[in-house]
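sharing a model prediction with you, sequence too.
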Amino acid sequence: MTSSSPPAPASQHPPQPLRPLRRLTARGRDEAHRVASPLELFFDLCFVVAIAQAGVELVHAVAAGHAGEGVLNYAMQFFAIWWAWMNFTWFSSAYDNDDVLYRIVTLVQIAGVLVLAAGISQAFTDHDYLVVWLGYVIMRLAMAAQWLRAARWARGAERTMALRYAGGVLLCLVGWLGLVVLPVPARPWVFLVMAIAEMCVPLYAEKDYTTSWHPHHIAERYGLFTIIVLGETISAATVAVKSALAEHDALSELLPIAAGGLLIVFSAWWIYFVVPIHGHLRSNKESFLWGYGHYLIFASAASIGAGIEVAVEEAVGKARISTTAASAAVTVPTALYLLTVWALHSRHFKVGLAQQLVLPVTALLVVCCTFLGDWAVPAAGIVSALAVATGTALTARAAGRERPAEATAAAS
């Protein structure tokens, strides 16, 4: 007969407080129960403030009939926001030690994105990128400091990787200065060159050593940011409808737009989270393509809200564009979102041609809804909702076919 000794009282081993400053060393990729921290959630929330500012300016540009210029400016502002967010997300997945210095540097990055947000309006209207550049410099200097701190405690190939990251970040800052000092016609080319250069930094830095990012943690971080962006889309659309109702008695025109917009956003959420993507993130080759592709997912998701605002303004006569153009402001980003989510997420889990075609065909039908006049947005919402229903039914049918086959195999 054996007996177990009683557990020691909790008072004998009180929890030891963590030191304010700790080594910034790599975390384990197989670490159990890895979830987003409160600091990361706060970081995401503050970055969405900048996305909201870019969305407001996009609405003004499209509603005024300057869609081409507005989309280009939006793409440039959104890249700066998204790239800074993404760099921090992957770094924190590998190196977050949550000590005092790490928190302070992260808060500096948050301050940088708020400075950037303050300059978005000037960048859109006056092509003045000075404040945006300053905000980006603050964020990127803080990121370089994090990599230099990681290099201090690293050895060998890991240290080389961290130094490559820090050097690449600092070198790109010099190139981005072209947005401030070069003539306006040259700035889109500066953006294109520097965006490519920025995206090459991780590929170069990790060519000999891969950071220990956590697949579950990365998938959760991207999913949470998607939720926040979609929430901002709903908020923007709600404010637009509320303002229109306060100034115009146009409930019959606005209600279909609001209903269609909600169906689109609800469907967008469902489609993104219907499959667990972390199992697909096994190497840098897969994860880089997946992570970079989210520029289109995040940008299009945020643009849906801006498009709904444009549709509302057109319905009450405040926009200087046609109904078709206002409808396209909703249907085009919706179709882009559907195609990108299919390419990055869904196609890896679909079985058979029917399942694979659901989202591409839906994207095509949503674009066709553009030409339905006042019913374009509600029709796009119905098509999106039907895509969810169709995908769910096809998945259920496939699962139903698998059960008898599994039972037969088990019996034999």
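Yep, that arrived. Residues are numbered from 1 along each chain as shown.

ok, the most centrally placed residue in the chain - contacts?
Nearest to the mean C-alpha position of the chain, counting by CA atoms, centre = their mean, stands residue 298 at 3.7 Å. Going by CB atoms under 8 Å, 6 or more residues apart in numbering, residue 298 touches 51, 78, 82, 225-226, 229. Backbone N, C-alpha and C define where each C-beta goes, glycine included.

please, which helix or strand holds it?
helix 284-315 (DSSP states H and E).

check which helix or strand covers residue 32.
Per DSSP H and E, there is no helix or strand for residue 32.

can you check residue 193 too?
helix 187-205.

list the helices and strands that helix packs on?
On a contact count with 3 or more CB pairs under 8 Å, 6 or more residues apart in numbering; DSSP states H and E, helix 187-205 meets helix 67-95, helix 156-176, helix 178-181, helix 284-315.

buried ones in the third one?
What it means is helix 178-181. 178-179 (16 or more other CB atoms under 10 Å).

let's have the chain start at 28 instead
New numbering, starting at 28: the last item is helix 205-208.

what's the mean pLDDT across that helix?
Helix 205-208 shows a mean pLDDT of 91.

need the contact partners of that helix.
156-157, 159-160, 213-214, 217-218, 221.

follow-up on the earlier one: pick out the most distant pair among the contacts of residue 325.
105 and 253 (14.3 Å; CB to CB).

circling back to that earlier point, got the buried residues for the helix holding residue 220?
214, 217-218, 221-222, 225-226, 228-229, 232.

same check, this time on stretch 125-141
129, 132-133, 136-137, 139-141.

and if you look at stretch 355-364?
Result for stretch 355-364 [16+ other CB under 10 Å]: buried residues 355-364.

residues near residue 114, how many?
Look at residue 114: counted by other CB atoms under 10 Å, it has 21 neighbours.

quick check: mean pLDDT of stretch 95-110?
For stretch 95-110, the per-residue pLDDT averages 92.

how far off centre is it?
Relative to the centre of its chain, stretch 95-110 is centred 13 Å away, using CA atoms, centre = their mean, to the nearest Å.

got the contact list for it?
Residues outside stretch 95-110 that contact it (CB under 8 Å, 6+ apart) are 74, 77-78, 81-82, 84-85, 87-89, 140, 143, 147, 150-151, 159, 162-163, 214-215, 218, 222, 225-226, 321-322, 325-326, 329-330.

can you flag the buried ones in those?
Buried among these (16+ other CB under 10 Å): 74, 77-78, 81-82, 84-85, 87-89, 140, 143, 147, 150-151, 159, 162-163, 214, 218, 222, 225-226, 321-322, 325-326, 329-330.

tell me the SS of the closest residue in space to residue 411 that isn't next to it in sequence?
Ranked by CB to CB, 6 or more residues apart in numbering and with sequence neighbours excluded, the top spatial neighbour of residue 411 is residue 294, at 3.7 Å. Each residue gets one of three states, and residue 294 gets helix by DSSP: H, G, I helix; E, B strand; the rest coil.

picking that back up, which one among the buried residues of stretch 355-364 gets closest to residue 346?
Using CB to CB, the buried residues of stretch 355-364 come closest to residue 346 at residue 356, 9.3 Å.

that closest one: what's it in contact with?
Here residue 356 is in contact with 89, 94, 330, 333-334, 337-338 (CB under 8 Å, 6+ apart).

among those, which ones are buried?
89, 94, 330, 333-334, 337-338.

what helix or strand is residue 420 located in?
Counting by DSSP H and E, residue 420 is part of helix 403-438.

what is the mean pLDDT for that helix?
79.

so residue 257 touches residue 296, yeah?
Yes - between residue 257 and residue 296 a contact is recorded at 5.7 Å, counting by CB atoms under 8 Å.

more neighbours, these two?
Using other CB under 10 Å as the criterion, residue 257 and residue 296 rank with residue 257 on top: 22 against 18.

measure that one to residue 279 for me?
27 Å (CB to CB, to the nearest Å).

what about residue 309, neighbour count?
The number of residues near residue 309, taken as other CB under 10 Å, comes to 10.

didn't it look like it was pressed against residue 242?
Yes - counting by CB under 8 Å, residue 309 touches residue 242, with 7.4 Å between them.

show the contacting residues for the nearest residue to residue 293 once chain neighbours are set aside.
Excluding the flanking residues, the one nearest residue 293 by CB to CB, 6+ apart is residue 412, at 7.4 Å. Neighbour list for residue 412: 290, 293-294 [criterion: CB under 8 Å, 6+ apart].

any stretches of the stretch 278-427 of the chain with poor pLDDT?
Low-confidence segments of the stretch 278-427 of the chain, defined by pLDDT under 70: 305-307, 310-311, 426-427.

who's in contact with the closest residue to residue 360 other than its chain neighbours?
Spatial nearest neighbour of residue 360, excluding adjacent residues (CB to CB, 6+ apart): residue 330 at 3.7 Å. Contacts for residue 330 were tallied using CB under 8 Å, 6+ apart; they are 82, 85, 101, 356, 360, 363.

how near is the first one to residue 168?
Applying CB to CB, the value for residue 82 to residue 168 is 27 Å.

again with the fifth one
Taking CB to CB as the measure, residue 360 and residue 168 are separated by 33 Å.

one more: the fourth one?
For residue 356, the distance to residue 168 equals 36 Å [CB to CB].

spell out the residue ranges of the helices in the stretch 28-177 of the chain.
Remark: helices assigned in the stretch 28-177 of the chain by DSSP state H, counting those that start in this stretch are 65-90, 94-122, 127-153, 157-180.

in TSV: those helices, plus distance to residue 58.
Listed next are those as TSV, based on distance: least, CB to CB, whole Å:
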stretch	distance to residue 58
helix 65-90	15
helix 94-122	10
helix 127-153	17
helix 157-180	17
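
of all those, which lies closest to residue 317?
When the helices of the stretch 28-177 of the chain are ranked by proximity to residue 317 (CB to CB), helix 94-122 comes first, at 11.1 Å.

and that closest one, how far out from the chain's middle?
Using CA atoms, centre = their mean, the offset of helix 94-122 from its chain centre is 8 Å.

fine by me, thanks again.
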